[in-house]
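> Sequence and predicted structure, then a few things I'm wondering about:
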Protein chains: 2
Amino acid sequence: MKDIAFVLYPGFTVLDMVGPLQVLSALPAFAPEYRVVVLGEGKSPVPTDTPLGVLASHTFDEVPEPYAVFLPGGTVPTITAMADEQLLARIRSMAEHAEIVGSVCTGSLILGAAGLLEGRRATTHWMCRDLLAKFGATPVAERWVRDGKVLTGAGVSAGIDLALHLVQELAGEEIARQVQLMIEYDPQPPLGGIDWTEVDIAARRPLLDGWLHAGLADHPKLLSELIGS
Amino acid sequence: MKDIAFVLYPGFTVLDMVGPLQVLSALPAFAPEYRVVVLGEGKSPVPTDTPLGVLASHTFDEVPEPYAVFLPGGTVPTITAMADEQLLARIRSMAEHAEIVGSVCTGSLILGAAGLLEGRRATTHWMCRDLLAKFGATPVAERWVRDGKVLTGAGVSAGIDLALHLVQELAGEEIARQVQLMIEYDPQPPLGGIDWTEVDIAARRPLLDGWLHAGLADHPKLLSELIGS
């Protein structure tokens, strides 16, 4: 059995996980060697960044060596998770055995804090892209990036594209098209796509710095490494 | 306070809810008169169609008159929910007072079963579109459809587009763009959009009929109304 595992931590951005979770949960019907699991320290309710609470299907101890492990992102809670040594140890241990170590959005910052992005091309939410360099990664402005076993996605909704790409990689184009059709993924953003020439990343740096200060108030060393130029 | 409510029931398709939930949860930061809630009969764990379990933030009794109410869809569990008189009574009661009665994917079949689509243009997952006529609705092949207070979306991922449209409607284009940017909704389906000329809806009818038989085994009258020509 090849387990595709999503990792829960308090306050994460729920769509970061549910996008790829929905896509990849369709895979076992076509490729029964895969199983999808949601992992947490325990199975009690975990808050998200929305009013929805969620629960893991398995504990970390129950699935110690998944085939793939994915970290969702978020705002302040994700920054806080970057300094959670227990979580980082779990992730490093799973990453050692996994064939795929992945993230959506700022989940890549947790991978970076765990030392897993060293020397890798990687992406994240557009607001945080430059931070990846602090972990020895090469930031890339793409919807998803594969570098060896590391598969990182851009912000929030990018997890759907990343997961469809992964289905194609694991099970082929025809099955990826079937999954896309079943989730009717024929996107029509009401105002069209994002016009990146209009997006001022530097102008959002104070917002990001606020998240870093709030999330790492108790970890001044890591904070200064990330804030310092 | 204007409550935007998402309704939980066992086995629903989690992305149907989490897409619009993530989008609309960004609204109160810009328009504090809105509050987003997730409603269930109780607050104990509810299974989804993935390994993720979820929890309501409020009970139906705690938020009896939301401003907007949204039903997610699913496969067999959604068909089963169409015959859940307790759930239908809750939805009818909320719909009476709500300004917006909405659905994503086959959630529209529950609205139909509750008698709320009579005379309305509506949409749903492409596989089930023709069924809407059984409830007196006019099926429409669009990403989302607004007809009076009824706002229905197409399959699963369409909830993101529907919700961004609703943010634009409630708070204006500039805020809709901000929300879109924060969730980095600049979709890049790896294999492109869906080529509808290649999709054979009739060929999927046996799959849909299987769901109807499984979900309505104890409700032969409703089953025969929906299966009969």
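All right, it came through fine.
> what are the ranges of the helices in chain A?
A:14-25, A:27-30, A:76-81, A:85-97, A:107-113, A:158-171, A:173-182, A:205-215, A:220-227 (DSSP state H).
> which stretch among these comes nearest B:R121?
Ranking the helices of chain A by proximity to B:R121 (Cβ to Cβ) places helix A:173-182 first, at 23.5 Å. (Glycine included, C-beta is placed from N, CA and C.)
> Return the alpha-carbon coordinates of the closest one using CSV.
Taking Å, rounded to 0.1, in the frame of the first residue of the first chain, the C-alpha atoms of helix A:173-182 are listed here in CSV:
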residue,chain,number,x,y,z
GLU,A,173,-3.2,11.3,-18.6
GLU,A,174,-6.4,9.4,-19.2
ILE,A,175,-7.1,8.9,-15.5
ALA,A,176,-6.1,12.5,-14.8
ARG,A,177,-8.7,13.6,-17.3
GLN,A,178,-11.3,11.4,-15.7
VAL,A,179,-10.6,12.9,-12.3
GLN,A,180,-10.7,16.4,-13.7
LEU,A,181,-14.1,15.7,-15.3
MET,A,182,-15.6,14.3,-12.1
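> hmm, that helix touching chain B?
Yes - using Cβ under 8 Å from any Cβ of the partner chain, helix A:173-182 reaches chain B at A:E173, A:A176, A:R177, A:Q180, A:L181, A:M182.
> Surely the first one touches A:Q180?
No - because the distance of 10.2 Å does not satisfy Cβ atoms under 8 Å, A:E173 is recorded as not touching A:Q180.
> Between those two, which contacts overlap?
B:L191 (Cβ atoms under 8 Å, 6 or more residues apart in numbering or on different chains).
> out of these two, which sits in the busier spot?
Comparing A:E173 with A:Q180 by other Cβ atoms under 10 Å in any protein chain shown, the one with more neighbours is A:Q180, at 24 against 12.
> May I have the residues that are in contact with that one?
With Cβ under 8 Å, 6+ apart, A:Q180 has these contacts: A:L164, B:P189, B:L191, B:I194.
> The second one reaches A:L164, doesn't it?
Translated: B:P189. Yes - the pair B:P189 / A:L164 is scored as a contact, 6.4 Å apart, by Cβ under 8 Å.
> Give the residues shared as contacts by these two.
Contacts common to B:P189 and A:L164, judged by Cβ under 8 Å, 6+ apart, are A:Q180, A:Y185.
> More neighbours: which of these two?
Just comparing B:P189 and A:L164: by other Cβ under 10 Å the higher neighbour count belongs to A:L164, 26 against 19.
> Tell me the spacing between that one and B:D195.
15 Å (Cβ to Cβ, to the nearest Å).
> thinking again about what came up before, could I get the residues of helix A:173-182 next to chain B as CSV with pLDDT and distance to B:E225?
Formatted as CSV, the residues of helix A:173-182 next to chain B follow (pLDDT from 0 to 100; distance: Cβ to Cβ, whole Å):
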residue, pLDDT, distance to B:E225
A:E173, 98, 39
A:A176, 98, 36
A:R177, 97, 33
A:Q180, 98, 32
A:L181, 97, 27
A:M182, 97, 26
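> dump the residue contacts of A:L132.
A:S108, A:L109, A:G112, A:L117, A:A122, A:T123, A:T124, A:T138, A:P139.
> quick one, what contacts the residue lying closest to the fourth one once chain neighbours are set aside?
So the one you mean is A:L117. Leaving out its chain neighbours, the residue that sits closest to A:L117 by Cβ to Cβ, 6 or more residues apart in numbering or on different chains is A:A137, at 3.8 Å. When contacts are counted by Cβ under 8 Å, 6+ apart, A:A137 is found next to A:S108, A:G112, A:L117, A:E118, A:G119, A:R120, A:R121, A:A122.
> do the same with A:T123
A:108, A:129, A:132, A:139-145, A:152-154.
> tell me the two of those residues that are most distant?
A:L132 and A:R143 (15.4 Å).
> follow-up on the earlier one: ok, and the most crowded of the contacts of A:A137?
Busiest of those [other Cβ under 10 Å] is A:S108, holding 33 neighbours.
> what about A:T59, neighbour count?
Neighbours of A:T59 (other Cβ under 10 Å): 14.
> isn't A:K149 right up against A:M94?
No - counting by Cβ under 8 Å, A:K149 stays clear of A:M94, with 11.5 Å between them.
> which of those two has more neighbours?
Taking neighbours as other Cβ under 10 Å, A:K149 and A:M94 compare with A:M94 leading, 23 against 14.
> Could you tell me how far the more buried one is located from chain B?
Applying Cβ to the nearest Cβ, to the nearest Å, the value for A:M94 to chain B is 16 Å.
> contacting residues for A:A83?
A:A113, A:G215, A:L216, A:D218, A:H219, A:L222 are the contacts of A:A83 under Cβ under 8 Å, 6+ apart.
> And these, which two are furthest apart?
A:A113 and A:D218 (14.3 Å).
> Looking at these two now, which is surrounded by more residues?
Taking neighbours as other Cβ under 10 Å, A:A113 and A:D218 compare with A:A113 leading, 24 against 9.
> what's the nearest residue to the more buried one if we skip its chain neighbours?
A:M82 (3.9 Å).
> can I assume that neighbour is in contact with A:L212?
No - A:M82 is beyond contact range of A:L212, at 9.3 Å (criterion: Cβ under 8 Å).
> low-confidence ranges in chain A?
A:229 (pLDDT under 70).
> mind redoing it with 80?
The model of chain A has pLDDT under 80 over residues A:228-229.
> before we move on, back to that, for the residue nearest to A:L117, give its distance to chain B.
With distances taken as Cβ to the nearest Cβ, A:A137 is found 18 Å from chain B.
> Out of the contacts of A:A137, which two sit at the greatest distance?
A:S108 and A:G119 (14.2 Å).
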